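S.K.: sequence plus the predicted model coming up.
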Amino acid sequence: MELKFILEALLFSAQKPLNAGELRDVLINAASEDEADTTVRAFKKVKESELTAVLEQLAGEHETAGRSYRLVCVAGAWQFVTQPEYAAWLKALVGVKARPSRLSQPALETLAIIAYRQPLTRAEVEQIRGVNVDGVMQTLTERGLVEQTGRAEVVGRPALYSTTSLFLEYFGLKSLENLPAADELRRIVVEKPPAPITADAGLATTPPEQLKQTEAAAAPDAAPSPATVEEPPAAPAA
């Protein structure tokens, strides 16, 4: 029995997309439950990298066969999907599910900036777009397309944002490496805020009194106040 046919049967029967790790867990569990079957136990030690290679081979075979469906990897998980040209008949069969409203042009622009430059702060997004993005960022976050993934090491420690796995599913991408080329967007220079002032590598932030002393030492000598010039004595009257 070939591994690719086992994987094909699992994905065909699964109720959701499965990644290589989940498929490997199925193989291990099957071997544990049926230890007497040497055929089942033979696939217990298959590595995830081997599974991925077999899945890619299987996807290529389905593509070559030209059937009404194909095997694809979206957001790191594998699933069978129908070809787009059969959409009309499938809609008639299962109906059209209510889907969230389409993203607006500003939302798409903001999402593209985050996708290609992630992780980045809201201020950096606004530098590129040139407009306030508070409302758009809230929409993208509520839709699950963008999430907070850390804090920037700059003054104020603003939140860093990145795309989610749902973003990959929404656009049918295997990974971020499959994004279309956007060299122009990547070349835009984003000015980052200055890092916190530190006295030395081991001190977090310079105490206020030291900052005042430093500023006073760096300032030019203050100009002396003008001296009072005495009026010369009046000449005696002739």
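M.R.: Structure received.
S.K.: thought Leu160 was touching Glu147?
M.R.: No - counting by C-beta atoms under 8 Å, Glu147 is not a contact partner of Leu160; they are 10.0 Å apart. (C-beta placed from N, C-alpha, C; glycine too.)
S.K.: any idea which element Lys72 lies in?
M.R.: For the record, residue 72 is Val, not Lys. strand 69-74 (DSSP states H and E).
S.K.: for that strand, what is the average pLDDT?
M.R.: Over the span of strand 69-74, the pLDDT mean works out to 92.
S.K.: also stretch 164-178?
M.R.: The pLDDT scores in stretch 164-178 average 87.
S.K.: buried residues in it?
M.R.: For stretch 164-178, the neighbour count (16 or more other C-beta atoms under 10 Å) marks 164-165, 167-171, 173 as buried.
S.K.: for those residues, which one is nearest Asp25?
M.R.: Checking those against Asp25 with C-beta to C-beta, the nearest one is Ser165 at 18.6 Å.
S.K.: chain neighbours aside, what residue packs nearest to the closest one?
M.R.: Using C-beta to C-beta, 6 or more residues apart in numbering and skipping the chain neighbours, the partner closest in space to Ser165 is Ala75 (4.5 Å).
S.K.: thinking Leu55 is in contact with Asn19, fair?
M.R.: No - with contact defined as C-beta under 8 Å, Leu55 does not reach Asn19; the gap is 9.8 Å.
S.K.: more neighbours, the two?
M.R.: Using other C-beta atoms under 10 Å, the more surrounded residue of Leu55 and Asn19 is Leu55, with 22 against 17.
S.K.: and that one, what pLDDT?
M.R.: The model reports Leu55 with a pLDDT of 94.
S.K.: what is the closest residue in space to it that isn't next to it in sequence paired to in the beta sheet?
M.R.: Spatial nearest neighbour of Leu55, excluding adjacent residues (C-beta to C-beta, 6+ apart): Trp78 at 5.5 Å. When bridges are called by DSSP bridges, Trp78 pairs up with Leu18, Cys73.
S.K.: was I right to think Trp78 contacts Asn19?
M.R.: Yes - between Trp78 and Asn19 there is a contact under C-beta under 8 Å: 7.0 Å.
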